[in-house]
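Visitor: I'd like to go over a predicted model; first the sequence, then the structure.
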Amino acid sequence: MDKLPKTHSESLLVELTSDIVSAYVSNHVIPMSELRFLIADVHAALTSTSIPAAAEVIVEKQKPAVSVRKSLQEDQMTCLECGNGFKSLKRHLMTHHSLSPDQYREKWDLSSDYPMVAPAYAEARSRLAKENGLGQNRRRKVA
């Protein structure tokens, strides 16, 4: 051996090559004169498959299913991930896309006050809560 591996990836390739060749040779009869060709072929195969995979890592930014302006409607919120409409996005985001509202806002570059509930639904729930007396300071009379 006149060349020593220089980097971690090169030494990993040499180790993988030796593991593959030794496993192959333990189950197959190979003439000694063919062993060096087997080693060279396995090493070349590992080298050719590992280099392009690392070089081709290109992540394309996901495009929204609808525009941000169209996602906010009076009676429903449209999910930018899948394009479906909902009264409230919070549960949908967590169950179908594994995103919290903050992660969703960050991913789509939305403002921190971007609503997760359709305005008409929020108004209806607010009105219902007020009719039931929620949100008022009720003080108990001290006897």
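Guide: Everything's here; your move.
Visitor: Which helix or strand lies directly C-terminal to the lowest-mean-pLDDT helix or strand in the chain?
Guide: Among the helices and strands of the chain, helix 32-55 carries the lowest confidence by mean pLDDT, DSSP states H and E, at a mean of 80. Per DSSP states H and E, the first helix or strand lying C-terminal to helix 32-55 is helix 68-71.
Visitor: How far off centre is that next one?
Guide: 23 Å (C-alpha atoms, centre = their mean, to the nearest Å).
Visitor: Next: stretch 23-43.
Guide: 41 Å.
Visitor: what's the answer for stretch 8-15, then?
Guide: That offset, for stretch 8-15, works out to 29 Å (C-alpha atoms, centre = their mean).
Visitor: Same question for stretch 120-135.
Guide: Taking mean C-alpha positions (C-alpha atoms, centre = their mean), stretch 120-135 and its chain are 37 Å apart.
Visitor: ok, and what's touching that stretch?
Guide: By C-beta atoms under 8 Å, 6 or more residues apart in numbering, the residues outside stretch 120-135 that reach it are E74, D75, K87, S88, P115, V117. (Each C-beta comes from the backbone N, C-alpha and C, glycine too.)
Visitor: I'd like to know how many residues surround the last one.
Guide: Here the neighbour count serves as a burial measure; for V117 (other C-beta atoms under 10 Å) it reads 16.
Visitor: Give me the buried positions along the least confident helix or strand of the chain.
Guide: Residues L38, I39, V42, H43, L46 are the ones in helix 32-55 that count as buried (16 or more other C-beta atoms under 10 Å).
Visitor: Quick one: the residues you listed as a markdown table, columns for distance to Y121 too.
Guide: A markdown table is the format used below for these (distance: C-beta to C-beta, whole Å):
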| residue | distance to Y121 |
| --- | --- |
| L38 | 68 |
| I39 | 68 |
| V42 | 62 |
| H43 | 63 |
| L46 | 57 |
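Visitor: Quick one: the helices in this structure, in order.
Guide: Assigned by DSSP state H, the chain shows helices spanning 8-27, 32-55, 68-71, 90-97, 101-107, 119-131.
Visitor: re the thing from before, what's the most distant pair in the buried residues of helix 32-55?
Guide: Distance extremes for these: the farthest pair is L38 and L46 at 12.7 Å, using C-beta to C-beta.
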